[in-house]
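Novice: Pasting the sequence and the predicted model now:
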Amino acid sequence: MILVVNLNASVDKRYEIEDLERGKVMRARSVENTPGGKGLHVANVATILGENCIATGLLGGKSGEFIEDKLKDYGIKKDFIKISGETRECLAFITDDLVQTEILEPGPEVTEKEQMKFLDKYIDLLKDTTVVAASGSVPKNVPSNFYRKLIEMANAQEKKFLLDTSGNLLKEGIEAKPYFIKPNRDEIEALTGRRINSVEDSIKEIKEFHNKGIRFVVISLGEEGSIAGYEGKFYKVTFEKVKAVNPVGSGDSYVAGIAVGIERGYSIEDTLKLASACGTANAMEKETGFVNKSVVEELMKKVKVTEI
């Protein structure tokens, strides 16, 4: 089973408008409310692909109730801890030029007692888990070493932990040796202070992560594809360009593909193909963190994975 951790879920409010003008009154053509948070996108895509998956994290208030109801509608298994704070809302404004502007709330305050209650839940859920995928930010009061704790707990039970976050959460998490990370070029440069200007630079950084005990590393180079390193071997991953409708959530969909590939025992090449296909398929959809299964299957045939 794949266990997806989303500590800072949100109600995502998506507005379609003609343009954004500061200080003006603007009317939206349409508004869509969906359950959001990077982990919930991972869980949705894994569920669409037909994999056994359960989402956990922290939910509170009316926003939390809305998310739980929607996850039930989507067929996503869930087991969340209820908190006293109100789960956040995040706003996304899509203008006619297809540029997306986002306003992200920080999230509720989470007490130490609620954090401990979640850790008890997490330990219980780990028993039936093969792969853990943890994505995104954390709410207020949750320390930057929280993912590190989750990784250490998973490693103690020999579970494969996929970490997709940034900043201090990533820096702390790396010290606990997650199985997989996927920092992009900017995140690597912020983490190390070193610029990535070539494939060789990417491979050098991946080797550094391998030396820290992280077995599977992917560095995204945007439209140039990605460089992956797995147990001492390196791969260049490229794919055909598609018409992007909404690229937000593509990274989360990519992580879902990695998790599903690992859960199914795919080869490293097929796992990378599935992940890339999921990320690309998400960009072709209006809804964030959503893929069409048949599109994913077709795109997999077009992804090229070349050992370097």
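Specialist: Arrived safely, thanks for sending. Numbers count the residues shown, from 1 in each chain.

Novice: Tell me which other helices or strands the helix or strand of the chain with the lowest mean pLDDT touches.
Specialist: Every helix and strand in the chain was compared by mean pLDDT, DSSP states H and E; the lowest is helix 185-192, with a mean of 86. On a contact count with 3 or more CB pairs under 8 Å, 6 or more residues apart in numbering; DSSP states H and E, helix 185-192 meets helix 167-174, helix 199-211, strand 216-220. (Each C-beta comes from the backbone N, C-alpha and C, glycine too.)

Novice: So what's the residue count around R215?
Specialist: 15 (other CB atoms under 10 Å).

Novice: Any figure for the gap between it and G249?
Specialist: When distance is defined by CB to CB, to the nearest Å, R215 is 26 Å away from G249.

Novice: One more: K77?
Specialist: K77 sits 20 Å away from G249, going by CB to CB.

Novice: in the protein, which spans are helices?
Specialist: 38-48, 61-74, 112-126, 146-156, 167-174, 185-192, 199-211, 250-263, 268-283, 293-300 (DSSP state H).

Novice: would you list those helices in a markdown table and tack on distance to T306?
Specialist: Output for these, formatted as a markdown table (distance: least, CB to CB, whole Å):
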| stretch | distance to T306 |
| --- | --- |
| helix 38-48 | 25 |
| helix 61-74 | 36 |
| helix 112-126 | 36 |
| helix 146-156 | 31 |
| helix 167-174 | 27 |
| helix 185-192 | 20 |
| helix 199-211 | 11 |
| helix 250-263 | 18 |
| helix 268-283 | 9 |
| helix 293-300 | 16 |
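
Novice: weakest of these in terms of mean pLDDT?
Specialist: Lowest mean pLDDT within those: helix 185-192, a mean of 86.

Novice: separation between K113 and I81?
Specialist: 11 Å.

Novice: Of those two, give the one with the bigger neighbour count.
Specialist: Shown here are K113 and I81; by other CB under 10 Å, I81 has more neighbours (20 against 10).

Novice: ok, that one touching G57?
Specialist: Yes - using CB atoms under 8 Å, I81 is in contact with G57, at 7.4 Å.

Novice: list the residues that contact both of those two?
Specialist: Both I81 and G57 are contacted by F118, under the criterion CB atoms under 8 Å, 6 or more residues apart in numbering.

Novice: returning to that earlier point: among the helices of the chain, which is nearest S137?
Specialist: Smallest distance to S137 across the helices of the chain (CB to CB): 7.2 Å, for helix 167-174.

Novice: Which of the residues in the closest one are classified as buried?
Specialist: 169-170, 172-174 (16 or more other CB atoms under 10 Å).

Novice: between those, which is closest to K38?
Specialist: Using CB to CB, the buried residues of helix 167-174 come closest to K38 at L169, 11.7 Å.

Novice: got the contact list for that closest one?
Specialist: Listed by CB under 8 Å, 6+ apart, the contact set of L169 reads 137-138, 144, 146-147.
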